[in-house]
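Participant: I would like the atomic coordinates for the input below:
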Amino acid sequence: GRDVTVRAVDANFLPLLGVTMAAGRPFETAEGRPEAGRAVCIIADDLWRREFDRRPLDDLTLTLGGRTCAVIGVTGPRFLGLELDPTDVWLPFGAPGLGTIDENGAPMPWHRSGVGRVQVLLRLPEDIARQSVIERLTAALAATDLAAGRASRTASLARVGDLPDTQPLRALRQLGVVGAIVFAIACANAMHLLLARGLRRQREIATRLALGASRARVVRLLIAEAATLAACGGAVAAVVGGSTADGLQGMLFPDARWTTAWLDGPTLIFNALATVAAGVITGATTGWLLTGSDLVGVFRSGRGLSTWRARRMRAGLLAAQTALSLALLAAAGLLGRSLIRLQAAPLGFDPEGLVSVVAGPVDGDPRQTDGTAGVLAARLRRERGVHKVALTSVPPFGAVKMAGVSVPGSPFAPEKPRDWPLVMAVSPEFFEVTRTPFLEGRTFGAGELDQPAVIVNASMAHAYWGGTPPPGACVSRDGLPCAPVIGVVADVIEMPAMSAPLRFYVPLGIGWDGPRVVVARADPAALSALPARVSSAFPILNRRGVDVASDRLTLTLRPWRTSARLFAAVAGVALLLVCIGIYGVISCGVSERMVEISLRVAFGATPSAVRRLVVGEGLKLIAAGAVVGLGAAALVGRHLESLLFSVSPYDPWVYGLALVAMIAAALGAMLPASIRASRLDAIVALRRE
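Facilitator: Have a look, this model is predicted:
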């Protein structure tokens, strides 16, 4: 057996997304009902090819957790789901057997298990009001018994690309736009090359025109040469890309699993067409400029296209390259700084070395929960490298039950049910194990596990009492007696980009009939082997029930990390291309101004003065591009605002650092040409001219 990624969907999911089936059919509505006659599933094309060698679906079955389903369909090879991690198996909601979730050995209805939330996908007409849809969805949720608790019956709308699970895919879509920018920078470099090469061939071009060749014919010749060069470059790029694809995948997406090749037929065809088109456009542009030169001027001086005009064109191209590259550098800086602040954001607990194991009811009998959790906790205490163990109703990363509460003497009342405080049942050692600091008061005593008492977090204390709870403060939930507040702890958030919810804690006594979670604090060196040892010692616990908090935090930060890596890599490539362009423009400028520089040297100009002259001319071009680039960076930053955390899209420090990096790279690119100019032999140069 092997682990597979499973998603539960209804019969409308695949048709709504327009998914093309590689074989078989989508779910039917009847297959998602409890009275359905058999369990069915749909598998991904990658799983069908890898595990079943594309066998016919007539007798194909799949065993999941000891239960068998009939495979009725295979999704197309291009469909990977709505997340970066591909989905292997699709199950119908509500179907018998596989319509339930295996909660560590106990079959439970999917809406009562650890699924936590359900996403409803809608394809809305453009003329419909979002608020109207929200109200209708809220009314529909209120009328059904699928929602666990009133607070989860309030609907909200978000674009698929804005969901945390789909933000890596959004970053990939943004990479297409960024790739087009880098492609434009590369085309500008090609224009530099072709223009410089054409200036040296002006006498040849003028001769062709003088002998009767039409302007269009000469332009076609230059287009053919440029397209040939572009095709050769595209072929080299395809080879290099194919050989480095795995390395790039590991660097940019270390946690992702890919089911399709990076370079397939459609991708190669698109890249080939784009490369040839770029060659045709750049060749036609430079050819049209060069063939419009003055023939008499060419034969007299060897140059028909004025040096000033060519220099102005190259300067404009370089300024555009600089502006685009600076915008990408600023975007990478904004995302990088946002990621740093996300990683440094206080969570209210220490995830390093924290392990949680869900100990659900055994065979559906909640009375066996205490025994399973107790045995598991005792086993973890004996494991090498484990320091502290505690019990709780939910793991540090996980959904918690919403609770309607009343606080005597407090005027605060949540406006919406989803704003009600969250409740967790914990053992007295929980706060020490998770390293959640106390701001006021103390934890539960050993004799208070069945006594009414609560501990509130800082947000709840501020909302209900404006700060520290007064003496005699108490909290009543679900009609139970008012429990005194004995402590205030720091806010705990489940992901850094979220605000801290109102939360309070109650003792985890023997009366708690829900699943229990064993939380342990272990040495980092023991974390890698601990999940496997727990799973082997307790076969009833599935492997997904053992959760390392630091790994979950890494997964939570993956959207921001992916975006930062993508933009950093692309900005680095763009900066390299700009440096190549700067070197080419400055080198061509030095060659064109050889007589002028020779005269300066002949009249006593020192090598340092010549270097300053060359570098100064280049910095003027960079400055012109930087002004436009900062404006473009502001637009890009505003577009990325939804991915930023505690960072302004107009952060002056990031913009300043990007500008310094651009200037430093430009100086490095100009250095060889300036040194060559400073070492110019004036007599040799004048004789050559």
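Participant: what about residue 22, neighbour count?
Facilitator: Number of residues near residue 22 (other Cβ atoms under 10 Å) recorded here: 18. Where you see a C-beta, it was placed from the backbone N, CA and C, and this is true even at glycine.
Participant: so residue 357, which of the three states?
Facilitator: strand (DSSP: H, G, I helix; E, B strand; the rest coil).
Participant: whoops, I mixed them up, residue 62
Facilitator: Taking three-state DSSP, the label given to residue 62 is strand.
Participant: so what's it bridging to?
Facilitator: Assessed by DSSP bridges, residue 62 has beta-bridge partners residue 69.
Participant: please renumber the chain so that the first residue is 275 from this point on.
Facilitator: Shifting the count to begin at 275 puts that one at residue 336.
Participant: surely it and residue 346 touch.
Facilitator: No. If you go by Cβ atoms under 8 Å, residue 336 and residue 346 don't touch, sitting 10.6 Å apart.
Participant: for the stretch 625-774 of the chain, what spans make up the helices?
Facilitator: Assigned by DSSP state H, counting those that start in this stretch, the stretch 625-774 of the chain shows helices spanning 643-656, 704-708, 732-739.
Participant: who's in contact with residue 296?
Facilitator: 319, 322, 348-351 (Cβ atoms under 8 Å, 6 or more residues apart in numbering).
Participant: look up phi and psi at it.
Facilitator: phi -70, psi -30 (degrees, to the nearest 10).
Participant: avg pLDDT for stretch 365-382?
Facilitator: Stretch 365-382 shows a mean pLDDT of 53.
Participant: count the neighbours of residue 774 for me.
Facilitator: For residue 774, the neighbour count with other Cβ under 10 Å is 17.
Participant: find the residues that touch each one of residue 336 and residue 346.
Facilitator: Residues touching both residue 336 and residue 346 by Cβ under 8 Å, 6+ apart: residue 315.
Participant: on that earlier part again, select, out of the helices of the stretch 625-774 of the chain, the one closest to residue 753.
Facilitator: helix 732-739 (18.3 Å; Cβ to Cβ).
Participant: point out the other helices and strands that the closest one packs with.
Facilitator: For helix 732-739, the contact count by 3 or more Cβ pairs under 8 Å, 6 or more residues apart in numbering; DSSP states H and E identifies strand 757-763, strand 777-781 as packing neighbours.
Participant: pull the residues that contact it.
Facilitator: Against helix 732-739 from outside (Cβ under 8 Å, 6+ apart): 681, 684, 686, 695, 713-714, 730, 741-743, 747, 762-765, 774-778.
Participant: that older thread, dump the helices of the stretch 625-774 of the chain to a markdown table, plus mean pLDDT, mean neighbour count and distance to residue 667.
Facilitator: As requested, the helices of the stretch 625-774 of the chain are arranged in a markdown table below (pLDDT from 0 to 100; neighbours: other Cβ atoms under 10 Å; distance: least, Cβ to Cβ, whole Å):
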| stretch | mean pLDDT | mean neighbour count | distance to residue 667 |
| --- | --- | --- | --- |
| helix 643-656 | 71 | 17 | 11 |
| helix 704-708 | 89 | 23 | 10 |
| helix 732-739 | 90 | 20 | 17 |
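Participant: return stretch 553-561 as PDB; C-alpha atoms alone will do.
Facilitator: The C-alpha coordinates for stretch 553-561 follow below in PDB (Å, rounded to 0.1, in the frame of the first residue of the first chain):
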ATOM      1  CA  GLY A 553      13.200  36.800 -33.800                       C
ATOM      2  CA  VAL A 554      11.000  38.000 -36.600                       C
ATOM      3  CA  ILE A 555       9.800  41.100 -34.800                       C
ATOM      4  CA  THR A 556      13.300  42.200 -33.700                       C
ATOM      5  CA  GLY A 557      14.800  41.400 -37.100                       C
ATOM      6  CA  ALA A 558      12.000  43.400 -38.900                       C
ATOM      7  CA  THR A 559      12.500  46.400 -36.600                       C
ATOM      8  CA  THR A 560      16.200  46.600 -36.900                       C
ATOM      9  CA  GLY A 561      16.000  45.900 -40.700                       C
END
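Participant: list the buried residues for it?
Facilitator: The neighbour-count check on stretch 553-561 (16 or more other Cβ atoms under 10 Å) flags 553, 555-561 as buried.
Participant: repeat for stretch 661-668
Facilitator: Neighbour counts over stretch 661-668 (16+ other Cβ under 10 Å) mark 662-668 as buried.
Participant: name the element residue 282 belongs to?
Facilitator: Using DSSP states H and E, residue 282 falls within strand 280-283.
Participant: tell me what that strand is packed against?
Facilitator: Using 3+ Cβ pairs under 8 Å, 6+ apart: strand 280-283 touches strand 363-366.
Participant: contacts for the strand it packs on, please.
Facilitator: Residues outside strand 363-366 that contact it (Cβ under 8 Å, 6+ apart) are 278-285, 287-288, 301, 305-306, 310, 314-318, 321, 336, 338, 343, 349, 372-373.
Participant: sounds good, over and out.
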